[in-house]
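here is my input; please provide its structure:
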Amino acid sequence: MHPRYTSSPPNPGAPLQQQQSAYMTQAYPFQPQQQAPLQHQQHNMGQMRPQPQLHQQPGAPVDFAAWGMNDATAQFGMQLGQSAVAAGQDYVQKNFGGFMPYGTLKHHFNVSNSYVVYKLRLVLFPWRHKPWTRRVHRPDQGYNQGPPPPQAAVGEWMPPRDDINSPDLYIPLMALVTYILLSALHKGFTGHFDPAIFGSLASRALGVLLLDVAFVKMGCYVLGVGSGGDGLGGGAVADVFAYGGYKFVGVILTLLAGMCGAGVMLWSTVFLYAFFANAFFLLRSLRSVVLPDAINSSGTVNPSQRKKRITFLFLEAVSQIIYMGILVRI
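This next block holds a predicted model:
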């Protein structure tokens with residue numbers, strides 16, 4: 001008895017590939033459904049386009065709604081931030097403005113690349129430089145040589161970028177940082193490096209600098225320098241720091257000579273040259289301040305005061321060998 005078929009039996013002449021495809025379809029009935037989400041995702045990714053960025057003009061008002069912020073809340077936040085900044089500036093001005101005003105710092109950091117190059121050359125080779133007097137800007141006479149009038153302010157001096165004889169704070173600050181890093185590098189070469197060396201070097205350098213500044217200010221106060229409209233003036237602390245900070249240039253030169261393997265004789269020669277150059281630079285720079293010319297200065301200096309001021313200049317110049325000797329011993 002033969003079995004009955006409800007449908008036609010498979011064609012024996014059909015290709016083997018079609019039969020295998022039918023078996024695969026029965027074995028994996030969910031295969032077409034797995035490909036559908038991928039096609040849907042690719043279709044959605046094809047429809048996605050990068051959103052254009054909003055470019056705002058510099059002078060246009062800020063659109064806070066684009067950032068999801070309310071205009072009133074944003075304005076309140078901006079006013080609160082401005083009030084905090086103004087309060088911080090007022091606090092700094094009240095507590096530190098009397099010691100070194102912001103205008104003074106801005107004036108002493110007004111330098112250029114050419115000024116830095118010429119100033120470094122002047123500090124290391126001051127022997128044939130002329131003149132040494134600072135240039136003053138008088139509104140009615142323009143730029144002139146010589147000391148300022150009796151009511152001279154810091155802003156009346158020409159900035160360092162326009163006057164090679166004007167003291168700056170950029171070179172002393174960079175020289176101080178370079179001295180600390182170079183000394184730490186020297187300690188590393190000798191195998192005695194310690195992270196705490198940075199603090200000790202900074203403390204030593206600042207201590208020497210403050211000692212030098214205190215000596216100059218005390219001498220100017222005792223001798224009355226600046227009381228008659230000449231000299232450093234009562235509040236020109238930045239000038240004293242600048243003149244005292246130039247010694248680090250010679251100290252760096254001496255350290256480089258030691259790191260290059262110079263012998264004791266060569267190292268001593270470099271150190272003595274750096275000392276004499278710095279001492280001569282201070283003598284010539286401070287001479288027009290401590291001993292102003294009678295023609296250009298409103299104050300008069302009698303022979304006794306002149307002798308005392310010359311002695312003070314000599315002591316300030318000679319004391320540099322002590323300060324520099326402390327700094328080079330690392």
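
contacts, neighbours, all on C-alpha from now
OK.

so which elements touch the host helix or strand of His137?
Under the criterion of DSSP states H and E, His137 resides in strand 135-138. Counting contacts by 3 or more C-alpha pairs under 8 Å, 6 or more residues apart in numbering; DSSP states H and E, strand 135-138 is packed against strand 142-145.

same question for the strand it packs on, mean pLDDT?
On average, the pLDDT along strand 142-145 is 47.

now the element after it, going C-ward?
With elements assigned by DSSP H and E, the helix or strand that comes after strand 142-145 is helix 170-189.

for the helix or strand just after that following helix, buried residues please.
Heading C-terminal from helix 170-189, the first helix or strand you meet, by DSSP H and E, is helix 197-223. Of the residues in helix 197-223, 197, 201-202, 204-205, 208-210, 212-213, 215-217, 219-220, 223 count as buried by neighbour count, 16 or more other C-alpha atoms under 10 Å.

what's helix 197-223 packed up against?
So helix 197-223, by 3+ C-alpha pairs under 8 Å, 6+ apart, packs with helix 170-189, helix 237-245, helix 303-318, helix 320-328.

any idea which of these is most buried?
Per-stretch averages of neighbours, counted by mean count of other C-alpha atoms under 10 Å, single out helix 237-245 among those, with a mean of 21.

residues in contact with that helix?
Contacts with helix 237-245, where a contact means C-alpha atoms under 8 Å, 6 or more residues apart in numbering, come from 99-100, 104-105, 108, 167-169, 171-173, 175-176, 209, 212-213, 216-217, 232, 282.

tell me the contacts of Leu223?
So Leu223 contacts 305, 308-309 (C-alpha under 8 Å, 6+ apart).

actually Arg128, sorry about that
Contacts of Arg128 (C-alpha under 8 Å, 6+ apart): none.

repeat that for Met324.
For Met324, the contact set (C-alpha under 8 Å, 6+ apart) comprises 247-248, 251, 275.

so for it, what pLDDT did the model give?
97.

show me where this protein dips below the pLDDT cut-off.
1-71, 74, 87-102, 138-155, 226-235, 292-300 (pLDDT under 70).

on that earlier part again, and the contacts of Met324, which of them are in helices?
247-248, 251, 275 (DSSP state H).

most widely separated two among the residues you listed?
By the measure C-alpha to C-alpha, Phe248 and Phe275 form the most distant pair in the ones in helices among the contacts of Met324, at 10.5 Å.

quick one: the helices and strands packed on helix 197-223 as CSV, columns for distance to Asp162 too.
Output for these, formatted as CSV (distance: least, C-alpha to C-alpha, whole Å):
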stretch, distance to Asp162
helix 170-189, 15
helix 237-245, 16
helix 303-318, 27
helix 320-328, 28
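
for Met265, find the nearest of those.
Nearest of the helices and strands packed on helix 197-223 (C-alpha to C-alpha): helix 320-328, 15.4 Å.

angle of that closest one against helix 170-189?
Helix 320-328 and helix 170-189 meet at an angle of 50 degrees, taking axes from the mean of the first three to the mean of the last three C-alpha atoms, to 10 degrees as the criterion.
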